[in-house]
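Peer 1: output the structure for:
(one chain, ligands or ions: 1)
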Amino acid sequence: MHIDATGLGKRFQRDWIFRGLTRAFVPGSATAVLGPNGAGKSTLLNTISGQLLPTEGNLLYTLAGRSVAVEDVPQHLAYAAPYLELLEELTLVELLHFHTRFKALRPGMSLDGLIDLMYLEKARHRLVREFSSGMKQRLKLALALYAQAPLLLLDEPTTNLDATGVAWYQEHVQATRQGRTLLLSSNVPAEYAFCDEQLLVTDFQRIPAKD
Ligand SMILES: Nc1ncnc2c1ncn2[C@@H]1O[C@H](COP(=O)(O)OP(=O)(O)OP(=O)(O)O)[C@@H](O)[C@H]1O
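Peer 2: Residues are numbered from 1 along each chain as shown. Coordinates of the predicted model:
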């Protein structure tokens, strides 16, 4: 998906979180959205995903040469973030069946294939609520990475992962990023080292107020 942000700004009450952001995000690119805690990385991802309305500026989405209305962006989007919860009252297999009714897996990937690559074969019939935080994170990431979605947003993707989990993430993000538009919010170099673009949110916080 091609995304054109023009003069994008977001304000909560009187505070501008970012302002004057003009940038294109293109298929095949991976952009690391960087900045210290509270800088506005998640706010920017949520604005680009269409879940938060910008206070000013425009976002235009184009897919295969056709414009996409902001309300239709979710159907083209896969999003993994610490604040997006899993349905923990389901078993792993139940959750995968439920989730993939709304968000199909990419061609060639099956539910069993996904369970295998997450190393969760023994947990097929366990409630997700009983998973460790690292198992839950691998599940969130696998659902996003292997979704059939041209726009991929990852917020702090290695949260709760140990060194093996981080290596697993690096392998699978590389295996699935081709042709997608990827934005990744992070403070951890191991998460974003592969990204070809960087966007420092604090660069968009010193814009003089017009009002
Ligand atoms: N719904 C909201 N209403 C008011 N203020 C908000 C809201 N959401 C976020 N903020 C504020 O916006 C600022 C940016 O928050 P955000 O979560 O985007 O930062 P972040 O860079 O992702 O931080 P972190 O690295 O800690 O995850 C913070 O000051 C936060 O308190």
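Peer 1: tell me where the protein is predicted with low confidence.
Peer 2: Within the chain, the segments meeting pLDDT under 70 span 206-211.
Peer 1: in space, what's closest to the residue nearest the centre of it - neighbours in sequence excluded?
Peer 2: Nearest to the mean C-alpha position of the chain, by CA atoms, centre = their mean, lies residue 153 at 1.8 Å. For residue 153, ignoring the flanking residues on the chain, the nearest one in space by CB to CB, 6 or more residues apart in numbering is residue 79 at 4.6 Å. From N, CA and C alone the C-beta is placed, and that goes for glycine too.
Peer 1: neighbours around that neighbour, how many?
Peer 2: Other residues lying near residue 79 total 22 when counted by other CB atoms under 10 Å.
Peer 1: that one sits in which helix or strand?
Peer 2: strand 77-80 (DSSP states H and E).
Peer 1: for the residue nearest to the centre of the chain, which three-state class applies?
Peer 2: Secondary structure state of residue 153, per DSSP: H, G, I helix; E, B strand; the rest coil, is strand.
Peer 1: contacts only, for it.
Peer 2: 45, 48, 49, 77, 78, 79, 80, 81, 144, 182, 183, 184 (CB atoms under 8 Å, 6 or more residues apart in numbering).
Peer 1: quick one: the helices in this structure, in order.
Peer 2: Ranges of helices within the chain are 41-48, 92-102, 111-117, 133-145, 163-176, 189-192, based on DSSP state H.
Peer 1: could you dump those to CSV with distance to the ligand?
Peer 2: Shown next, in CSV, are these (distance: least, CB to the nearest ligand atom, whole Å):
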stretch, distance to the ligand
helix 41-48, 3
helix 92-102, 24
helix 111-117, 27
helix 133-145, 15
helix 163-176, 18
helix 189-192, 12
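Peer 1: export those helices as TSV, with columns for distance to residue 199.
Peer 2: Shown next, in TSV, are the helices of the chain (distance: least, CB to CB, whole Å):
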stretch	distance to residue 199
helix 41-48	8
helix 92-102	29
helix 111-117	30
helix 133-145	20
helix 163-176	18
helix 189-192	11
